[in-house]
Structures are given as C-alpha cells and as structure tokens.
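In: Generate a structure from the sequence data that follows.
(chains A, B, C and D)
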Amino acid sequence: MNLELDEDLRMLADSVSGWLKQYLPFDRRREMRGGAAMRAFWDEMQGALGLAGAGLPEAWGGFGHGSQAHMVVAEALGGALAATPYIEAAVTVGTLLERLGGQDELGTALAAGKVVVLGWEEAQSRGDALSVLTEATLDGDVWRLTGTKRAVRWAAQADTVLVTARTPRGLGVFRIDGDVPARDYRLIDDHPAADLLLDGTAATLIAAGDAAAAAIAAAVDAGTAAVCAEGVGLMRTLLDDTVEYTKQRKQFGQALASFQVLQHRMVDMRIQLEQSAAAAILAALRGNDPAAVSAAKAQVGEAARYIGQQAVQLHGGMGLTEELRVGHYFRRTTAIENQFGDADAHTRRYRKLKVA
Amino acid sequence: MNLELDEDLRMLADSVSGWLKQYLPFDRRREMRGGAAMRAFWDEMQGALGLAGAGLPEAWGGFGHGSQAHMVVAEALGGALAATPYIEAAVTVGTLLERLGGQDELGTALAAGKVVVLGWEEAQSRGDALSVLTEATLDGDVWRLTGTKRAVRWAAQADTVLVTARTPRGLGVFRIDGDVPARDYRLIDDHPAADLLLDGTAATLIAAGDAAAAAIAAAVDAGTAAVCAEGVGLMRTLLDDTVEYTKQRKQFGQALASFQVLQHRMVDMRIQLEQSAAAAILAALRGNDPAAVSAAKAQVGEAARYIGQQAVQLHGGMGLTEELRVGHYFRRTTAIENQFGDADAHTRRYRKLKVA
Amino acid sequence: MDLDWTAEDLAFAAQAREFFESELTPELRDAGRLMTSVYGDHDLGMEWQAKLHAKGWAAPHWQVEHGGQDWTDAQHYLFERERILAGAPPVSPMGIHMVAYVIQAYGTPEQKAFFLPRILSGEVFFCQGYSEPQSGSDLASLQMRADSDGDDLVLNGSKIWTTHAQQANWMFCLVRTTRGLRPQQGITFLLVDMTTPGVLVRPLVMTSGETVQNQVFFTDVRVPKSNVIGAIDDGWTVAKYLLEFERGARGYSAGLKVRAEALREHARTTPTPEGMLIDDEVFASRLARLMMKLDVLEVLEFKLLAGARDDGSVGALSSMMKVLGTELATEMTELVYRAAGTTGTVYQPHVTRPGGAVPNYTPPEDGGSIGDVWQALAPLRYFNERAGPIYAGSNEIQRNILAKRVLGL
Amino acid sequence: MDLDWTAEDLAFAAQAREFFESELTPELRDAGRLMTSVYGDHDLGMEWQAKLHAKGWAAPHWQVEHGGQDWTDAQHYLFERERILAGAPPVSPMGIHMVAYVIQAYGTPEQKAFFLPRILSGEVFFCQGYSEPQSGSDLASLQMRADSDGDDLVLNGSKIWTTHAQQANWMFCLVRTTRGLRPQQGITFLLVDMTTPGVLVRPLVMTSGETVQNQVFFTDVRVPKSNVIGAIDDGWTVAKYLLEFERGARGYSAGLKVRAEALREHARTTPTPEGMLIDDEVFASRLARLMMKLDVLEVLEFKLLAGARDDGSVGALSSMMKVLGTELATEMTELVYRAAGTTGTVYQPHVTRPGGAVPNYTPPEDGGSIGDVWQALAPLRYFNERAGPIYAGSNEIQRNILAKRVLGL
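Out: Model (predicted):
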C-alpha cells in the first residue's frame, strides 16, 4: 500500500497547477465566456502542457499514467475553476476507447488534445449510463439514431461527437459524422453544453453489445472519478478563501474567524474536504469497482453541497454575487452534485451492489 | 382557531405538575423500581388526582376533556419522568373502548384508574397496529389465540389485558380472562412490560371487523399522540437541566454556557422543542388524521434523539451515568424513538397517504 | 384549543380568494409563480399593487387612518396565504412593509401626509439603505457619514444590498451623524430622494444572474434635515422598531406547502431509469419528511399568531421562525434541485420572472426551456434561497439572539 | 499510489488470522462480540492477554527491548484489523496502550524493570486517574493535591471516570504538587498502588447498566516519590506525550465495517409489516450510505498510516480521526437501534459481556433474550457509544484544536 503520489505525478500536479496560477488568474477566468473562448483556452493549455495525454496510453502518444493522472489533473483544474473538456474527452472518452480497443486513430487525436465527447445522458438517466432510450436502426447499411441526449458538455465545441444508443445487439457506441443536430446552451457552471436532437441522424457504429456496454459504464465511472477529484480542488479553494475571508472580515468588532461557531463550521468543512480527498483516491485507484466509485461520488456530492453552501454563508451576501470567486466556485460545486448522478443515485447503485 | 388551553385544562396541567413536583421528586423516582412499586405509585396518584378520567367520557365518570386532556397529562408526566400506565390505559384503551362503543363497564373501570392494556405490537409490526399475525380461531364457542405480542407495557401489572388478533371476520379485539401467559421484563426506560406468549389461550371476543380495525388504529394513534406530548415534557426538562448545568459548570475557566458553540447547540435544542410542542398539539387536535399523527411522531422521535443526545453531550460523562436525572430521561427519550413506530415508519405512512 | 378557522375567517378567505381569482391576469400569475427569489418583477408588481390599492388592500397591515384594514391577525395571515395559493406576486416590501411603519410611528404630520398615500399609490417607491460594504448584520458598525450643513445633511459613503435601487425613487437609510459615541449612538434614520445629485447606483450580479441588488454610492449628497425620521442621532431606536417588524413579518409554511405540492406533481412526470421519480421511495420519503415538517411549521405559525393576539408583538420567537423558515426553505430548494437532475444544471434565467436582461447572457430566440419550467427555475431558486440564512440578521446572529433572549445565556 | 497490501503484509495478516483462529475459544470470542462499549470483560480479557503474551504479541507497539515487535505501521494496522475480524476481545488499554509508553519514555531504569514485564504478564493492571469531578477535558484545572512529606507525596482528593478501578492494582494519575503557578504547571505524573490505605473505589453506574467506570477517593494516601514519572511538577509534559498516543491509537473502519456487515445480515431476517427490513429501501439506503462512508474512512486511515510512516507521528489529524470515527460509530449504533425496533427497547444487559451483576437488575433465570442477541445489545451499545464524542477530549475540544492547528485560527 502506498498513498503517496509517484514523482512523475507530483511533477504533473505541480506543472498543471503552476501553469494555471500563471495563466488563469481568476480575473481571466471570470471574463472567459462562451464555448469558443473556452475551447481556445483548452487549445492554449494543451499547447503549453500537453496534458490531454497525461493519463492516456503511450501507444496513442500519451504518458500512460492512467487514472492517477486523471485525478491529479482534474484536481488542479478544479483548484483554478478551469472550464475545460478534460474530463469529458481525455478521461471519459479516453477510457471508452481504451476499453473498446482498436480505436487508435481517435485515441491518438484525443491524446493530442482533440475534443471528442460522448453523449450518454438522457432525460431519464440521472447518471445511469446504461439507461438509454435513444434507438439505432439500420436503414440499408446506414445506422440512423433517434432520441435526445441531454446536457452533452462541449458537444458544439467538439471535433468529434460520439453517442450511445440501443441496437438490436445491445447498447452501442456511434460516431456522428455529419452536422450534429444540437441545441446548445450553457450550464450553471458556465460550461458549454447541448441537447443532441437525434431524429434519424446518420451515424457510424463503433461497437455494440455487452463489451460496448461495459466500456460505456467504465468510461462514465472514470469520468465520475475524475469529477470527484475536480471537486476536491474546488472545495480546497473554497475553504482556503473562506478561512482567509473570515480572518479579514470583522463583525461586532471581532474577526469572523474568532467566533467559535464559525471555527467549528470551517473545521467541519475541512473534515469533509479530507473525506473527499480520500474518496477521490478511492475512485481513482478502485475505478473498476462501481461501488467504490459510487461511494466516492456520494461523498463528494454531499461535501460539495456542504462546503459550497457554507463558503457562501460565511462570506455573507458577497458570497452570493459574482464579485468574489466563491460564488463562481459555488456554481460549479452545485453542478457537480447532479453531474454523473447525485448522491442518491449513487447510494442506490451501492445499495444494489452491496446491501440488497 | 385558538391555541390557548381552556381554563379547565390549564388547571389540570397545574394540578398534575404541582402534585408531581411535591410527591415525585427525582430521588423518589430514581428509587422506584419494578412494576409493583410503579403500579402502587399509579394508584396513589390516581387516588390523589383522579387523573385517569381526565380525557374520558363523562358517561364513564370521566371529565370528558378528550385528547387535549391526554396531551396535558402526558406532558406533565413526561416533565417529571413519571412511569405510569396512563398512555397505555386511559389514552390507548380509553380511545379503543370509546370507538368500539358499548364498553361502559370496562370504560368505567378505566376512568376509575384500573389498568387495562392492549397488546397490539408484534415482532414485525414496528408501530403498525394493523400488522397482526396473532390468530384467533373458534374452538367450539371459545376463541383461542395463538401468537406473540411484544413489549406489552404494564401487562403483568394490569387488571385486564386485551389483545388484537386476526379473525375470519377481520381484525378483532379480545379480552384474556384467565391467567395471561407472559414473560415479563423491564424496558430501557424502567417501565414494566411483557411478551404475551399466546398458545391456544382462551379469550373473549369484544369486537371484530372493519369497525374494530378502525378503533384499534385510532387507539394506537391516540397513544402515539400522547407519547408525543410526554416527549415534550421530557425534552423540556432535559433542556432546562442542560442550560442550568452549562451555566454552573466551568471549563478552561469559563462557564460552559459561555461557549458560542454550546449556546447555538442549546438554541437548536430549543427550536426542536418548540417544533415538538407544536407537533404534540397537531397530533392532539388532528388525531383523526393519521398523517397529522405521523408528522408529529416523526418530529418528536427525531427531536427526542437530538435533545437526548445533546443533553448527554453537554453534561459530559456525567450525562451517561445514573447520578443525574439527565441519564434517566435520556433512557426514556430513547425508548420513545422506537415506541409506537419510529420516524422512518411514520414517514412511510405519511408518504403513502400524502405523496405516493 | 382548536386548529380550525372560524366561519368568519373562512368567509374572509373566500372573499380574498375571489378577488385574486378575478383580478389576476395570466401575466400577473406568472409574475408570482416564476419568481426565483423573494423579489418579483418590478413592473408587474406595481401593476398588481395598483389593483390592490383600488380595492383598499395594498397595505392592510397599516393603521386604518392611513389606509390599512381593521383585520384580525388571522385575517392578515389568511390574506397572505390566499395570495400565495393564488400565485399572486408580492408587493415590494421596502415601502409598504417597512418604512411605512416607521413613518406611521415616528413621522411628522408632514412626512405622513406626503409619503403614506404615495407609497400606497406606487408613486413613491422605496429602497432600503442599511448594509454597507464593511457592515452587514452588525448595523451598529455602519460608517456612511452625514455631516450637518445648515438645514441639510451631506452624505458621503456607500450602501450595499439595496434591493430595487434602480427602480426606487426614494431610499430610507441609516447614516452616521455623530462619531465617537457608542456604536449604536449617533446614527440617524433618513429618507433620501434618489434623484438627488451625487447618488450613483451600481447593480450587483448575483450567482443566479439576478440583478435586483445594488451598491449605491453617495458623493456630497445633500438631504434636507426635514427628511430625518425621529431625531437626529436617534436612528437606532427607529431601526430597532423596524427590525421587529421585519423579523416577524413573514409566514413560511403556506408558500413552502405550495412548493411541496408542486414538487409532488412534477415528480409524477419526471422519468428515472426505473419509472417516475415519485416511485423512488428514497426521494418520496425525503419529500414526505419535508412536508411533515411543514405541517408542524404551520402549527408553530398558528401558535405565534395566537400569541401575537395576546400581547400585540411576536417577541423573540420571531428569530426562531426566521431560522426555521429560511432553513426549511433552503431544504426545499435543495430537494427540488435534486429532483431536477442533470437538466437542472442548464442555465436558463430567461424562463423566470423578473426575466429581463441578464448580464452576459443571451436567451434562446424561441424563449423556450430545456426540460420543464420547474427544472429551469430549480438551480436559480436554489442559489437565491441561500440568501435566506444570511439576510435580515444571519441565522448565526439569530441564534446569538435566541441564546440571550430565550435561554438567558 | 496503490491501495493494495503487499504480499508480505498479506502473509503477515494470514499469520495473525491463523493465530486468532487457533487460540480463540468460543468464550473469548463472545467476550469480543458481546461487548457494548470499548471495554471488554476483565477476566476474559486477561485470559486473552496471557495467550497473546505467550506468543509475544501482548504489546507489539512497544519498543522491542521491552517486549514489542519490530512491525511496520501496516502490520500493526493489520494485526488490529484481524483481531477485530476474528472477534477477539481487546486488551485493556490503560496499561499496555497508555502508561507503558510513558514508562518507556520517561521512566527510571528501576521503574521500567519493575512495571513493564508485569504489565505484559498482567500481574500489574493499571487504571487511569486523570479526570476529576470538576475537571473533565480541561486537565489543566485538576485539583487533587499531593503534598510533599519527606520521601512521600500525600494524596487527598478524588478522581473520576476511572475505568476498571475495581480490578486494577495500580493507577497512573495526575496530581497537583504545587499551586499558584500557571494551571499547566505544578502537576505531577504519579503511579499509585491501589492497595495503599486511604484509597476508596466507588463504582459509577452508567445509563446502560455498565459499571466499569468508577470514582476513586483518596484520603491521606502516601505514595513514595520514587513512583513519580519524570520530574515533580513536570507532569504536563508527560501527559501531553501520552495524549498524542491516545488520540492516534485507534482505527475505526475495521470494527465499524464488521458491524455494518452484521447489521446487513440481521436485516435480512428481521420482519417488518411488508417483508424483511433489508427490503425497506429507506433503511437499506441508510445502511448503504453508512457503508459508503466507512469505505472512505478506511482510505483516510490508510492515508494517515502512510503519513505516519513518513514522519513517525500521526499529527493533528488524529483529532480529525477521533471526531470522524466517534461520530460514525454513534451513527452506526443509531442505525442498529433503529433496526432493533420495539424489541430494542427491552433491557437485557445479561446478554452482554461483561455480563456480570448489574445493579438493581435481576436477569431472567433461563438467561435467554427477548428477540435476537443483536437486538438486546442494540440499546446498550447506543448508550455506551455516546461516550465516544465525550471522552479523551470531547469532540468540541477536538474541533477547537483543529481550528487552531489545522486551519490556523
């Protein structure tokens, strides 16, 4: 057993954090609006760090550090509130392609920073990647997809869009080759996303059947694990800011931080943060065990709510505005609660796997 | 709408509380051990106050104040941690007999302070009075009962024992005329109780069918409402003692009560107490609505846990001993959590009635 | 004791209901039902106030001589409850529900004659200048200076959290007229014409995108001393009087019950991988438990109502209601946001009221929503409701107050 | 990073498991499995300690020269985990896990030679005299006086929460040797022979009926100064050293996971009106959520373990583990008590170990239980576990410590 990061990963963490500190001060992040600007930022960051490949196989030109690299990078991104497609592309689709096998072309593109995303969530799925209503039917030798994919992050900014759909052979993964029929919008955390409005849309089958379903599930679990790590980064900044703010801010002639009730509140935030950091490790190192990933996501989802809410509460009204970064981080922690399935959904999955 | 007690009820409250203050100082309560001594105390109290009839119909010699009298008496009993069969006999069986009708003989005995109890709970029932596995079969013209009634309070000290059982005509109420086959014990709150081990035990049918089932449900709801009020009395004493203790007790050179964290804790206890007092009123005044009774019991069950636990926590180790009264009250609040169905059971009932 | 309304009360409620039914246009109902915070759309709110005013119901709590109604506490409660059930927008509170009481209690005859009828008619629309950037719940620490200069006070400084300052033509505020005394002394309660030169309003963008809050800057703003309420340097007395009204003013249970019912309905049609959300026992139990708490909260409100009848004030227990009400309200928004799922993470403030321009946000051309309307509202309400435990004396401060006043600590 | 034990670790764990399997009699297993608090049955505990001692495993944490084992932190963790999985009783902590470290660090050669082997063999059995009736978590306020008289100290006063004082033949305690200094100064760490005249032990009956706690009264008790550990008046240094060990000593996840698994099994056979308890989704979700927290807690313990390897101490984070561990432990007892239902309200301490006489309680003649054994244990464990957030520095104090040390407040 070893809970220390290897030297390579420690360097990776430092280089990503360091770069973000220099090139993504919060004022820049605040002014970064819209998917195009965010995609440009991703390309810039990839150009500087090549981080897309950190966790991907060396055969694709990646560094081969796997889920631990995902954890390290996602946590650093969270710390700076960077809005990037890292989790959607490198982590989720990276895992998907690796599990499917024989996808070196797309994999190589991914490791080079191309944005490939997977549309898997639907109105009913609530984090369950195997709950798919979108239908794929064979029209001559062309597959046609019908259904709606909900809140597909980065779909309109992507180089390639994959989607899941039901086929006669079981769950399948498809690539949409032509224009993607989409309605795009932004999310409460500023990230770009879109509904994919598939209505007989032509697509290319990549894989279908049990192995494809297993790869989809593994991919979404890998994304879930990474978002846990991102949450840790977010929460660490929120707590740091809150401790700092309460030391500065005076009420009734005393620093807020001198009130015992607020001290204990921040201690509880810290305990939640430590639990979440442990949870992120659990998810990264036991990513093949869905129960472990669910335990982690439920922890991070609840901690994100608690720490987000209390950071706002301790900042007072200012925490509810766009003036300070705490409000912006709070929007991301709030989104994380429901992204990849909320704590209840993961408790349900864990219950079915481990309890009854 | 009127949330003030009528003059009669206010006097009743004062007289019960006043008598208990004089005749049941805590030292006496602490030394009162075993069902016989508790039954003797009940008889003494009944002789002095005649409180058994407070809520019962005037036709039985009662005062006819109904559920509000039950509330007032139960809260006063709770305040002094009096261990009496009031809720089991006057409230629960009183309501049962009133609903059944035509039970003036038993009713009159009840109003005079006789102890008549109803064995309704079974291993599986968890507060659901309509979940009955005990079977009644007709053997010639004698009904014979088979099954186990669990934790029937005051059964071994009772003058008359009634039980519920399934009959071919639906749920029935029976009176056991001969010796009651029982294994008696005491509960964590010191009250006497027994398992009734019915094994072809002869009994007299009092009523059976839908009306009987409705009367049983109403009786148990009335008992539930009264135990909510008792809980309010218990919690009020626990909070008063805790406030007082933290004012006296010093740590690090300061009274415990001066620590903001403990102040806020006690404020939260107080808020829970106020909610519980409102819940007890809801249950008493809307006793015919099972959803209202369930809302009340869930509130009181959770508050009893919170206030009991925090009273112990703020008393430190002393709260966990038999030295102070807080530990004894804590045992009763803990029993109340699970008595008449816990918060989860009542949430389930409410959900089925009101949500889905 | 009984928990039933009297026949008179019920008749009154029916009368109010009838009025709401007949006067509420679909647009006005939307103004009530698509709110994401305690503040409604300004224009629609004023339109509604005019209708209420025509009926004599714009300010029923006021003294009758100034246009109030001689209603019982129960009637006031029922009126507000019927308003909520009908989905009517609220009347903006700063004038009618706040400064008006102060003017009635401490105003000069001239102040009463000028302001009260105009507040009712909407001609005068107030905002509140209490908080300052360095002084939130701790009002006594406020710094904005008002220097005496002949018949005027000259204001310099800044106020923050000034709701509807863009729309308001008057502000009531607390200013520091004398320094060097105890913090509570030397404060003055003042009415300021917002069109006075030197007043600058800067909107604050909230996490939700809402922009009803503002920061207001004062640079050499001259205000005649005749606009002081009460005495100069004695504003703390006036402010304390008002604080009691603010804390006790709201009932929470009626509005939260409406939301719980709505959530139940939405959950019936919200799909999950295994049926509808309402069939998920864990979710349904969460909703049930919250509804149970609201049933209890309602009785607590009735108890306070009954108590208020006795001694005419709601006492320190209003702090308790503020804590409980805002915490249950945040719990409600959490549950709704949870129910909204991934769809609840889509940002679509154009669906709400006030639905005006949101900084840096372009609504879709068709104005439609992703998912259902309630899912669009869910995250924005969740964000805005976080203000509940912060504003009007944070819940931490309320607990300090309760420790002192109710527990004697 | 990896979360897997090494092959060596696994081999070690298998060796420990084998030992436990072969040495644990059914009676000894009961002594572990029927505990209701952190304290086991005394006689059975000593019997078990003798078996461990024969193997050289009674005190593996000790320095090797005194009888400890040269194990890695991981091995210590695994040893404790295997003990818990096997259901073995714990060794009473006051001697082996507490005062022995102090004697090893601060004792004279004579003290080491006398006490350490006897602690191992069980010949010397210690209790702890820290708390006093007016001094709980705030040790610096202790009052019990020890007046110098020639070669002796003369003790007068009282100690409380003295676990196993009835069984102990020695006590380690803190006494006040000099007054008028800062509260932390003038305290002395002293070993007292419990058979000395003037020592009186009064058992404290706990809410659960347990009587392992005591109050101990001292009247002119003469103790030779050679029994002082460290220097007179410098006991605070010694006590602080020991406190670190006490806080960091326990892992919680293994024991709690065993209990969670047991609860799951019990819930499979516990009837409800609608099937078995395990089929109740709300209950099963509560259990699942708790198990998920324990999975995370285990990783936190591994992290601390890894950290401990680096710098040799568990640092301030042990306060965090104490808070988390005791709060999850109380949550576990709450859930078990909830599961036990009405049957869990029956008082039946005779089913437990230690199962000796309980004051004012007559066990049934057949010794049987109402309901299942776990239901009989449920309320008693619930009561006793409430001590977790109180003892060894209340969780409020731990949070004060964390605010200072971890957040820098």
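
In: tell me the contacts of the closest residue to chain B within the stretch 251-356 of chain A?
Out: Chain B sits closest to A:Gln260 of the stretch 251-356 of chain A, with a gap of 4.3 Å, by CB to the nearest CB. For the C-beta atoms, the positions are set from N, CA and C on the backbone; glycine is no exception. Going by CB atoms under 8 Å, 6 or more residues apart in numbering or on different chains, A:Gln260 touches B:Phe259, B:Gln260, B:Val261, D:Asn400.

In: I'd like to know how far it sits from A:Val267.
Out: As defined by CB to CB, to the nearest Å, A:Gln260 lies at a distance of 10 Å from A:Val267.

In: now C:Arg17
Out: Distance from C:Arg17 to A:Val267, by CB to CB: 50 Å.

In: Equivalent analysis for A:Leu97, please.
Out: 43 Å.

In: which one of those two has more residues nearby?
Out: A:Leu97 (29 against 24; other CB atoms under 10 Å in any protein chain shown).

In: ok, now which ones touch the more buried one?
Out: Going by CB under 8 Å, 6+ apart, the list of residues near A:Leu97 reads A:Gln103, A:Leu106, A:Gly107, A:Leu110.

In: How about C:Cys127?
Out: C:94, C:162-165, C:167-168, C:170-172, C:194, C:214, C:216 are the contacts of C:Cys127 under CB under 8 Å, 6+ apart.

In: on that earlier part again, take the contacts of A:Leu97 and lay them out in CSV including pLDDT, secondary structure and neighbour count.
Out: As requested, these are exported to CSV (pLDDT from 0 to 100; DSSP: H, G, I helix; E, B strand; the rest coil; neighbours: other CB atoms under 10 Å in any protein chain shown):
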residue, pLDDT, secondary structure, neighbour count
A:Gln103, 97, coil, 22
A:Leu106, 98, helix, 21
A:Gly107, 98, helix, 25
A:Leu110, 98, helix, 28
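
In: what helix or strand is residue 62 on?
Out: Just so you know, I chose chain A. Under the criterion DSSP states H and E, no helix or strand holds A:Gly62.

In: same thing with A:Met11?
Out: Counting by DSSP H and E, A:Met11 is found in helix A:7-23.

In: Same check on C:Asn156?
Out: Residue-wise, C:Asn156 maps onto strand C:152-160 under DSSP H and E.

In: what pairs with that strand, and is each one parallel or antiparallel?
Out: strand C:145-149 (antiparallel), strand C:214-224 (antiparallel) (DSSP bridges).

In: Can you list the buried residues in the last one?
Out: Which is strand C:214-224. Buried residues in strand C:214-224, counted by 16 or more other CB atoms under 10 Å in any protein chain shown: C:Asn214, C:Gln215, C:Val216, C:Phe217, C:Phe218, C:Val221, C:Val223.

In: As a check, name the ranges of all strands in chain A.
Out: Under the criterion DSSP state E, chain A contains strands at A:116-119, A:135-139, A:142-153, A:160-167, A:170-176, A:182-186, A:192-208, A:250-251, A:254-255.

In: Report the distance from the second one to the chain centre.
Out: Going back to what we said before, that points to strand A:135-139. 30 Å (CA atoms, centre = their mean, to the nearest Å).

In: Which residue ranges of the chain form helices?
Out: Let's take chain A. A:7-23, A:26-31, A:35-49, A:66-79, A:94-100, A:104-111, A:210-248, A:260-285, A:290-315, A:325-338, A:343-350 (DSSP state H).

In: looking at chain C here, not the other one
Out: Using DSSP H, helices in chain C cover C:7-23, C:26-33, C:42-55, C:73-86, C:93, C:100-106, C:109-121, C:235-248, C:253-268, C:281-311, C:317-340, C:373-385, C:395-405.

In: quick one on the thing from earlier: quick check, nearest of the contacts of C:Cys127 to B:Glu121?
Out: Closest approach to B:Glu121 among these (CB to CB): C:Thr163, at 55.1 Å.

In: Who are the contact partners of that closest one?
Out: C:Tyr39, C:Met94, C:Cys127, C:Gln128, C:Val212, C:Gln213, C:Asn214.

In: same thing with C:Thr195?
Out: If you count contacts by CB under 8 Å, 6+ apart, then C:Thr195 has C:Asn169 around it.

In: Can you report phi and psi for it?
Out: Backbone geometry at C:Thr195, expressed as degrees, to the nearest 10, gives phi -90, psi 0.

In: From chain B, how far off is it?
Out: 45 Å (CB to the nearest CB, to the nearest Å).

In: Against chain D, how distant is that residue?
Out: 47 Å.

In: per-residue confidence at that residue?
Out: On pLDDT, C:Thr195 comes in at 97.

In: what's the distance between it and C:Val154?
Out: 17 Å.

In: circling back to that earlier point, what's the helix holding A:Met11 packed up against?
Out: Contact here means 3 or more CB pairs under 8 Å, 6 or more residues apart in numbering or on different chains; DSSP states H and E; on that basis helix A:7-23 packs against helix A:35-49, helix A:66-79.

In: Of all the ones you listed, which one comes closest to chain B?
Out: helix A:66-79 (30.2 Å).

In: tell me the angle of the closest one relative to helix A:210-248?
Out: 40 degrees (axes from the mean of the first three to the mean of the last three CA atoms, to 10 degrees).

In: tell me the mean pLDDT over helix A:66-79?
Out: Helix A:66-79 comes out at a mean pLDDT of 98.

In: Dump the contacts of C:Cys127 into TSV; add distance to A:Gly147 as well.
Out: Formatted as TSV, those follow (distance: CB to CB, whole Å):
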residue	distance to A:Gly147
C:Met94	49
C:Thr162	48
C:Thr163	44
C:His164	45
C:Ala165	48
C:Gln167	46
C:Ala168	50
C:Trp170	56
C:Met171	54
C:Phe172	56
C:Met194	54
C:Asn214	45
C:Val216	51
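
In: Surely A:Val300 touches A:Gly231?
Out: Yes - at 4.3 Å, A:Val300 and A:Gly231 qualify as touching, with contact defined as CB atoms under 8 Å.

In: Any idea how many residues pack against residue 287?
Out: Since no chain was named, I'll use chain A. Other residues close to A:Gly287 by other CB under 10 Å number 23.

In: To clarify, I was referring to chain C.
Out: 27.

In: which one is it nearest to, not counting chain neighbours?
Out: B:Val355 (5.5 Å; CB to CB, 6 or more residues apart in numbering or on different chains).

In: ok, that neighbour to D:Glu210 distance?
Out: Counting by CB to CB, the gap from B:Val355 to D:Glu210 is 42 Å.

In: and what of A:Lys149?
Out: 59 Å.

In: Next: C:Tyr337.
Out: 45 Å.

In: Looking at the two now, which is surrounded by more residues?
Out: C:Tyr337 (26 against 23).

In: For the more buried one, give its distance to C:Asn384.
Out: From C:Tyr337 to C:Asn384 the distance is 12 Å (CB to CB).

In: swap in C:Gly198?
Out: 31 Å.

In: likewise C:Arg81?
Out: 22 Å.

In: now swap in A:Val355 and tell me
Out: 37 Å.

In: Only whichever of the contacts of C:Cys127 are buried, select them in ChimeraX.
Out: Only the buried entries of the contacts of C:Cys127 go into this ChimeraX selection, using 16+ other CB under 10 Å:
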select /C:94,162,163,164,165,167,168,170,171,172,194,214,216
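
In: right, and out of the contacts of C:Cys127, which lies closest to A:Ala296?
Out: Nearest member of the contacts of C:Cys127 to A:Ala296, counting by CB to CB, is C:Thr163, at 41.0 Å.

In: per-residue confidence for the closest one?
Out: 91.

In: Count the neighbours of the residue of the stretch 51-200 of chain A at minimum distance from chain D for me.
Out: Residue of the stretch 51-200 of chain A nearest chain D, by CB to the nearest CB: A:Gln68 (5.8 Å). Per other CB under 10 Å, the neighbour tally for A:Gln68 reads 22.

In: same question, A:Arg28
Out: Counted with other CB under 10 Å, A:Arg28 comes out at 11.
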